[in-house]
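# Coordinates for the following, if possible.
(one chain, ligands or ions: 1)
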Amino acid sequence: MSKRLRKVVFPVAGLGTRFLPATKVVAKEMLPVLDRPLIQYAVDEAVDAGADTLVFVTNRYKHAIADYFDKAYELESKLAQSGKNDLLAMVQGTLPKHVRCVFVTQPEALGLGHAVLCAKPVVGDEPFGVVLPDDLIWNGKGPGALRQMAELADAQHAGVIAVEEVPRDQTNKYGIVDASPVSERAAKVKLVVEKPKPEVAPSNLAIVGRYVLPGRIFELLEKTTPGAGGEIQLTDAIEALLGEQSVLAYRFEGTRFDCGNKLGLVKATLAMALADPALAPATREFIADVR
Ligand code: G1P
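Predicted coordinates:
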């Protein structure tokens, strides 16, 4: 895979049941970490990796993401008239000018693999990224996880999936990888299995929500039958890909927050507050005092 990573897919059709009742009306990707919604962190990471086409796989109830990245005429003209240029720049800066958004719908919730397959008509036959916005990966001022992966995919002509170690008793929440190390951060994947029980898991190295994949994955997804949880799993199509092409498991530089659950969102919020010079002192004080 030697082409630059141009297209990134965001599967965002999930219901967000872990954040009900808020997600009755707020898409879970719109939940904020400080002042920015989760989807903004995910999009910034994709743009940092070089993407100019963002493909959102959504459902008919989720208009908020499209609205968020759309031009807000009334708000923008009010901010301009009242000379609030900082705020205007912030509102206009959700997406750089050269980046376009494409929305495709996933008619039925048939699994992550099925969601990614819905992006096939837009992506075509070229390497692309997948970012699951629930997994917020923060690398401070350093390169984002997807950029690190895109560079590795390009240099090694391989697919790349992001991994990190998880406690053994949590293997049934993740795709789990068996891989042989090839460098400090990368390992050649030998096997991937979706949500194995701890007693049969090949390791505790878990896939987190970042992938760089070849267009070929779409044909493999078309042949993938329902797997774990009765869903069409991206992990199963990657397992099929292993017979044809090399795939690297990559331990990214940065911290991952699982914002698909409440504790992860709390941790991400605290970490971002501590990284913000205006908020850090008061946040530290609060953490030291809180009972
Ligand atoms: C999905 C993937 C799984 C991966 C996880 C990362 O699972 O199927 O392989 O480990 O994302 O967040 P989900 O969290 O959608 O159940």
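# list the contacts for the residue of the stretch 1-150 of the chain found nearest the ligand?
Sorted by distance to the ligand under Cβ to the nearest ligand atom, the residues of the stretch 1-150 of the chain start with Leu112, at 4.6 Å. (C-beta placed from N, C-alpha, C; glycine too.) Applying Cβ atoms under 8 Å, 6 or more residues apart in numbering to Leu112 gives the contacts 11, 132, 231-234.
# Rebuild the residues you listed as a markdown table, extending it with neighbour count.
As requested, the contacts of Leu112 are arranged in a markdown table below (neighbours: other Cβ atoms under 10 Å):
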| residue | neighbour count |
| --- | --- |
| Pro11 | 25 |
| Leu132 | 24 |
| Glu231 | 18 |
| Ile232 | 20 |
| Gln233 | 25 |
| Leu234 | 30 |
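# how many other residues sit next to the residue in the chain that the ligand sits nearest to?
In the chain, no residue comes nearer to the ligand than Gly175, which is 2.6 Å away by Cβ to the nearest ligand atom. When neighbours are defined as other Cβ atoms under 10 Å, Gly175 has 25 of them.
# next one: Val9
The tally of other residues near Val9 (other Cβ under 10 Å) stands at 29.
# So which bits of the stretch 1-150 of the chain are right by the ligand?
Among all residues of the stretch 1-150 of the chain, those adjacent to the ligand (criterion: Cβ under 6 Å from any ligand atom) are 112, 132, 135.
# which one of these is nearest Asp67?
The nearest member of these to Asp67, counting by Cβ to Cβ, is Leu132 at 21.1 Å.
# what pLDDT does the closest one get?
Turning to Leu132, the model gives it a pLDDT of 98.
# and the nearest residue to it once chain neighbours are set aside, what does it touch?
Nearest non-adjacent residue to Leu132, counting by Cβ to Cβ, 6 or more residues apart in numbering: Gly209, 2.8 Å away. With contacts defined as Cβ under 8 Å, 6+ apart, the neighbours of Gly209 are 130-135, 162.
# Where does Gly209 sit: helix, strand or coil?
Three-state assignment for Gly209 (DSSP: H, G, I helix; E, B strand; the rest coil): strand.
# what's the distance between it and Glu164?
The gap separating Gly209 from Glu164 is 11 Å, by Cβ to Cβ, to the nearest Å.
# And the strands in the stretch 151-291 of the chain?
Under the criterion DSSP state E, counting those that start in this stretch, strands of the stretch 151-291 of the chain are mapped to 159-165, 175-181, 186-194, 205-213, 247-250, 255-258.
# so Val99 sits right up against Asp48, yeah?
No - between Val99 and Asp48 no contact is recorded; they are 11.3 Å apart, counting by Cβ atoms under 8 Å.
# circling back: how about the strands of the stretch 151-291 of the chain in CSV, adding distance to Asn139 and mean pLDDT?
As requested, the strands of the stretch 151-291 of the chain are exported to CSV (distance: least, Cβ to Cβ, whole Å; pLDDT from 0 to 100):
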stretch, distance to Asn139, mean pLDDT
strand 159-165, 12, 97
strand 175-181, 21, 97
strand 186-194, 17, 97
strand 205-213, 12, 98
strand 247-250, 13, 98
strand 255-258, 8, 97
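# Can you list the low-confidence ranges for this structure?
1-3 (pLDDT under 70).
# how about 80 then?
Along the chain, the parts satisfying pLDDT under 80 run over 1-4.
# Which one of the residues of the stretch 1-150 of the chain next to the ligand is nearest to Lys190?
Leu112 (21.5 Å).
# I'd like to know which of the residues of the stretch 1-150 of the chain next to the ligand are part of strands.
Asp135 (DSSP state E).
# For whichever strand or helix holds Val47, which residues meet the burial criterion?
Assigned by DSSP states H and E, Val47 falls within helix 38-48. If you call a residue buried by 16 or more other Cβ atoms under 10 Å, then helix 38-48 has these buried ones: 38-43, 45-48.
# Okay, angle between it and strand 205-213 too, please.
Here helix 38-48 points in a direction 60 degrees away from that of strand 205-213 (axes from the mean of the first three to the mean of the last three Cα atoms, to 10 degrees).
# quick one: helix 38-48 to chain centroid distance?
Between the mean C-alpha point of helix 38-48 and the mean C-alpha point of its chain there is a distance of 8 Å (Cα atoms, centre = their mean, to the nearest Å).
# Please apply the same query to stretch 267-287.
The chain centroid and the centroid of stretch 267-287 are separated by 24 Å under Cα atoms, centre = their mean.
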